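Q: Sharing a model prediction with you, sequence too.
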Amino acid sequence: MDSLTHIVIGGIAGETVLGKRIGNRALIWGGLIGSAPDLDVFISPFLNPVNALFFHRGISHSLIAALVIIPLLGWVLSRIEKQRKIELKNWIGLAAFPWLMHLFADYFNTYGTGFLEPINRIRFAFDSMAIVDVFVLIPLLIILVSIALLNYQKKQRRILAWIGLAFFLIYITFSIFNKKDIESQVRLQLESQNIKYDRLITTPVPLSNF
């Protein structure tokens, strides 16, 4: 997904973890952590073009890296926010949810992610959503702003956050069924015209899910 969508999803995820205790700071930390895996783009310019292509969404998007980075981020947050007397496990949760949501979201985009790096450099991509999808971004952005405007003790904040995450999952599910339906139609067309093929790859472009 694009950076803004990752920030919005990360902020909403952060609200579900610690919004009740630290208010909008949970949105801010969640948004920052939700976009953090894409900081690898600042290293890519120093690599040759081929390596740069595979470095983005590579090791920074792997589950192994997540196992190392998430606890470290949680510890850093606990040091920054030490006056709040919140247990380390809660800060690790605040780091984990937005980070893992980033990896999860990118799996449904083009290009794929290196989930298994550095063990295996294969890319995983379902290709059911465009990198930028306004049908996802705009509703989630409205939800995030609505959360930020409410008092942090209001239960409606958490309700809105879970509605936002549920909407995101429903949209992903819709995109999967849509992709499968399109591929099914394409296969029928190919068979009706006796066109032989070895592989069929479909990738979305902006607005194409509708």
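A: Noted; the coordinates are in hand.
Q: Please make it C-alpha for all contacts and neighbour counts, starting now.
A: Noted.
Q: What is the helix or strand that contains residue 145 packed up against?
A: Element membership of residue 145 [criterion: DSSP states H and E] is helix 134-149. Contacting helix 134-149 under the criterion 3 or more C-alpha pairs under 8 Å, 6 or more residues apart in numbering; DSSP states H and E are the following elements: helix 3-22, helix 155-192.
Q: Return the set of buried residues in the shortest one.
A: Same thing as helix 3-22. Neighbour counts using 16 or more other C-alpha atoms under 10 Å place 3, 5-20, 22 of helix 3-22 among the buried residues.
Q: That one - contacts with which helices or strands?
A: Using 3+ C-alpha pairs under 8 Å, 6+ apart, the elements in contact with helix 3-22 are helix 24-35, helix 88-107, helix 134-149, helix 155-192.
Q: Take those and write them to a markdown table, including mean pLDDT, mean neighbour count and distance to residue 66.
A: Output for those, formatted as a markdown table (pLDDT from 0 to 100; neighbours: other C-alpha atoms under 10 Å; distance: least, C-alpha to C-alpha, whole Å):
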| stretch | mean pLDDT | mean neighbour count | distance to residue 66 |
| --- | --- | --- | --- |
| helix 24-35 | 98 | 24 | 12 |
| helix 88-107 | 97 | 22 | 8 |
| helix 134-149 | 97 | 17 | 25 |
| helix 155-192 | 97 | 15 | 21 |
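Q: Was I right to think residue 10 contacts residue 103?
A: No - if you go by C-alpha atoms under 8 Å, residue 10 and residue 103 don't touch, sitting 11.1 Å apart.
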